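Visitor: 3D, please:
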Amino acid sequence: MIEELLIPDSFLQRVDPRVKFIGLLVFSIVVAVSYKFATLVTALFGSLIILLPAGVSLKEICKRLIPVNILIILLWLTLPFTVKGDPIFFMGPLAATKAGVLYAAQITIKSNAMMLMFIAVIASTRIFTIGHAMHKLGVPTKLVQLFFFTFRYIHVIYREYLRLVNAMKIRGFAPRTNLHTYKTFAYLVGMLLVKSSDRAKRVHNAMLCRGFNGRFYSLSTFSMTKKDLFAFLLIISFIIILGVMEWTGTIL
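Guide: Numbers count the residues shown, from 1 in each chain. Below is the predicted model of the structure:
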């Protein structure tokens, strides 16, 4: 499940969260629109270097990269055979094209580079601090509230899911490939939706009773220091280098 990955006393933890959020956003945009392998590989190694000061263990990094790469494996199974181009090998009647392989490789590098940068930010910033930083940067209030509530209640819904699954097992349910299993899981999803809706109404009413006016207040204050400015210049310089490599080709 989603959980905080906060590594205490890391260098990145002391950087203003607004700097990290802007850096992550701009880095992700530049990497997403880049296609040259030199740029993408540089972005991948750069994100690794930025991740190192966060002090995240290799086990935690792999734990978060595995789900992303499982989805990417599905792309490798389809893209080489569906993108038009010069064939490089055959699997029965299917021809894998060079363009398809290169396209899948680009997506793989892009996804891992952005995920590593995301881990660096998550490992050095509390989730709720990120929400407050988003609010300070002018992100719409409703999006910030959605961010807060998603992180807060996804754990609650997961615990409700486990409780329902345990109740099914106690009643002797064993999943199989048959209509009964499909109907049971459909009922499970339906019950989760009903219980989530009920809880949302109760939480909303409780917040209104406590005077909620649509705003979240924070005791934390953000202030830019020379150290934050230095970190911001480093990140932006790295992103500019990626842009120069991609669109002018004057580096490498």
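Visitor: in stretch 155-168, what's buried?
Guide: Residues of stretch 155-168 classed as buried by neighbour count (16 or more other C-beta atoms under 10 Å): 160, 164, 168. For every residue, glycine as well, the C-beta is placed using N, CA and C.
Visitor: Tell me which of those residues fall in helices.
Guide: 160, 164, 168 (DSSP state H).
Visitor: Can you tell me the closest non-neighbouring residue to the last one?
Guide: What that stands for is residue 168. residue 184 (6.8 Å; C-beta to C-beta, 6 or more residues apart in numbering).
Visitor: What's the first helix or strand after the helix or strand that neighbour falls within?
Guide: Assigned by DSSP states H and E, residue 184 belongs to helix 179-209. Downstream of helix 179-209, the first helix or strand assigned by DSSP H and E is helix 226-247.
Visitor: With only the CA atoms kept, save that following helix in CSV.
Guide: The C-alpha atoms that make up helix 226-247 are tabulated as CSV, following Å, rounded to 0.1, in the frame of the first residue of the first chain:
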residue,chain,number,x,y,z
LYS,A,226,20.4,30.5,0.3
LYS,A,227,20.6,26.7,0.5
ASP,A,228,17.2,26.4,-1.1
LEU,A,229,18.2,28.8,-3.9
PHE,A,230,21.4,26.9,-4.5
ALA,A,231,19.4,23.6,-4.7
PHE,A,232,16.9,25.2,-7.1
LEU,A,233,19.7,26.5,-9.4
LEU,A,234,21.2,23.0,-9.4
ILE,A,235,18.0,21.3,-10.4
ILE,A,236,17.1,23.9,-13.0
SER,A,237,20.6,23.8,-14.5
PHE,A,238,20.3,20.0,-14.8
ILE,A,239,17.0,20.4,-16.6
ILE,A,240,18.3,23.0,-18.9
ILE,A,241,21.2,20.7,-19.9
LEU,A,242,18.6,18.0,-20.7
GLY,A,243,16.7,20.5,-22.8
VAL,A,244,19.9,21.6,-24.7
MET,A,245,20.8,18.0,-25.4
GLU,A,246,17.3,17.2,-26.7
TRP,A,247,16.5,20.2,-28.8
